[in-house]
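Student: Provided below for reference: sequence and predicted model.
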Amino acid sequence: MAFFDWRQHFTPFITHLQQSDQSRWADLLTRQLTHRFEDHPHGDVGRWQAALASLPLIDGASAALDRPAVTLTAPDALTGDQNDHLQQGLRGLMPWRKGPFNFFDTVIDTEWRSDWKWDRVSPHLADLNDRTILDVGCGSGYHCWRMAGAGAKRVVGIDPGLLFMFQFLAVKKYLGAVPVDLIPVKMEDLPENLESFDTTFSMGVLYHRRSPLDHLLELKGTLRRGGELVLETLVVDGPEGHSLMPEDRYGQMRNVWFMPSCPTLLRWMDRAGFRNVRVVDVSTTTTEEQRQTDWMRFNSLADFLDPKDPSKTIEGYPGPKRATIIAEKP
Ligand SMILES: C[S@@+](CC[C@H](N)C(=O)[O-])C[C@H]1O[C@@H](n2cnc3c(N)ncnc32)[C@H](O)[C@@H]1O
């Protein structure tokens, strides 16, 4: 199995933590990454590492991070060989779920139009310019790149999914020392009460947590006083106090616990101690936003809805609707 040299990728971030009075986090993260990559390596890491390593070196690459597709460009046209290796390496990192990305001439049409979510969320944010940002459950890091494109000083994404990490590293391979990192850990793995981020995002994570109130408290602990939380999650219609807990799967997804109504979610946020809590967007997820593509060939939303009544999931629950909530830590 090809060895994944995690230190090569994460030492700059760990050094940054040490230099910014975060030795507690630096030590914990070093132990977690050693455990993950040396003591208990995932069976697919060798294959993904080989795909990453096979991506061709391209001189003078740069990125445009303020467009719907995160776009890598080069000063000179790629050779046929470079394009072939690029295609092959990126195909080795399938399925691509969150994006889109343009790797030079290769367009990755991902399962999700994550740019649509960004277009719904970003108009409501405090100016991201010069802010330090945490993106919890960041997937491939697509939104992290967009946050950097909006002027963030530093972006830290966390997500336990290792394929997502390799997809992120495929972009980063062409950008060198940019202050954007994806750390393959869960929210629960962070030290408590970091109190260091200006903005924390949690998009698409709350319903995966068995204890949503604890998730809100953990998120609050990451923020400095006056910092902003951006929470995006599945919701259902209903009065305050109502929430849906599926019997088993929801839209074929395992691991879905609580889908509150918006009034219930606002109450949870108040009780967790946030201030100035407001719902800025509620949108139904469509089969145009989440669909099968050439880069994600498994089933997608259309297969998870009732064919006779696409307003319902195949389990008979209301179809996916998502709300974005913004709040401040007092
Ligand atoms: C529905 S995706 C959302 C991805 C992205 N934030 C977006 O909005 O498009 C949920 C992500 O949360 C991650 N996740 C699940 N549980 C988590 C946890 N406890 N801590 C951090 N991330 C988690 C999953 O690996 C997955 O990538």
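Tutor: Thanks, I have it.
Student: Quick one: name the residues of this protein near the ligand.
Tutor: Residues of the chain lying close to the ligand (Cβ under 6 Å from any ligand atom) are 98, 114, 117, 136-139, 158-161, 164, 186-188, 203-205, 208. Glycine gets a C-beta too; all of them are placed from N, C-alpha and C.
Student: Is it possible to mark the buried ones in those residues?
Tutor: Among those, the ones that count as buried by 16 or more other Cβ atoms under 10 Å are 98, 114, 117, 136-139, 158-159, 161, 164, 187, 203-205, 208.
Student: For residue 291, grab phi and psi.
Tutor: phi -150, psi 160 (degrees, to the nearest 10).
Student: which ones are touching it?
Tutor: When contacts are counted by Cβ atoms under 8 Å, 6 or more residues apart in numbering, residue 291 touches 111, 300-302.
Student: Turn those residues into CSV, columns for pLDDT.
Tutor: Rendered in CSV, the data for the contacts of residue 291 read as follows (pLDDT from 0 to 100):
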residue, pLDDT
111, 98
300, 97
301, 97
302, 97
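Student: Which members of these are the farthest-apart pair?
Tutor: In terms of Cβ to Cβ, the contacts of residue 291 reach their longest pairwise distance at 111 and 302, which sit 11.3 Å apart.
Student: if I pick the residue in the stretch 201-330 of the chain positioned nearest to the ligand, what's in contact with it?
Tutor: Residue nearest to the ligand within the stretch 201-330 of the chain: residue 204 (2.9 Å; Cβ to the nearest ligand atom). Taking Cβ under 8 Å, 6+ apart as the contact definition, residue 204 lies against 137, 139, 232-233, 322.
Student: swap the cut-off to 6 Å and go again
Tutor: residue 137 (Cβ atoms under 6 Å, 6 or more residues apart in numbering).
Student: What's the separation between it and residue 71?
Tutor: Per Cβ to Cβ, to the nearest Å, residue 204 is found 23 Å from residue 71.
Student: repeat for residue 315
Tutor: 38 Å.
Student: neighbour count winner among those two?
Tutor: Neighbours were counted for residue 315 and for residue 71 using other Cβ atoms under 10 Å; residue 71 has more, 19 against 14.
Student: what's near enough to touch that one?
Tutor: 64, 102.
Student: just residue 101 next, same as before
Tutor: Residue 101 touches 69-70, 108, counting by Cβ under 6 Å, 6+ apart.
Student: What about those residues, which one has the most neighbours?
Tutor: Of these, with other Cβ under 10 Å as the count, residue 70 tops at 27 neighbours.
Student: correct me, but that one touches residue 145?
Tutor: Yes. With contact defined as Cβ atoms under 6 Å, residue 70 counts as touching residue 145 (4.6 Å).
Student: and residue 16, which of the three is it?
Tutor: In three-state terms, and counting by DSSP: H, G, I helix; E, B strand; the rest coil, residue 16 is helix.
Student: Skip the chain neighbours and tell me the closest residue to the most centrally placed residue in the chain.
Tutor: In the chain, the residue lying closest to the centroid (Cα atoms, centre = their mean) is residue 138, at 1.4 Å. Of all residues not flanking residue 138 in the chain, residue 157 sits nearest, at 3.1 Å (Cβ to Cβ, 6 or more residues apart in numbering).
Student: Equivalent analysis for residue 210, please.
Tutor: residue 257 (5.1 Å).
Student: tally of neighbours for that neighbour?
Tutor: 16.
Student: Settle this for me: it is touching residue 208, isn't it.
Tutor: No. Using Cβ under 6 Å as the test, residue 257 is too far from residue 208 to be in contact (7.2 Å).
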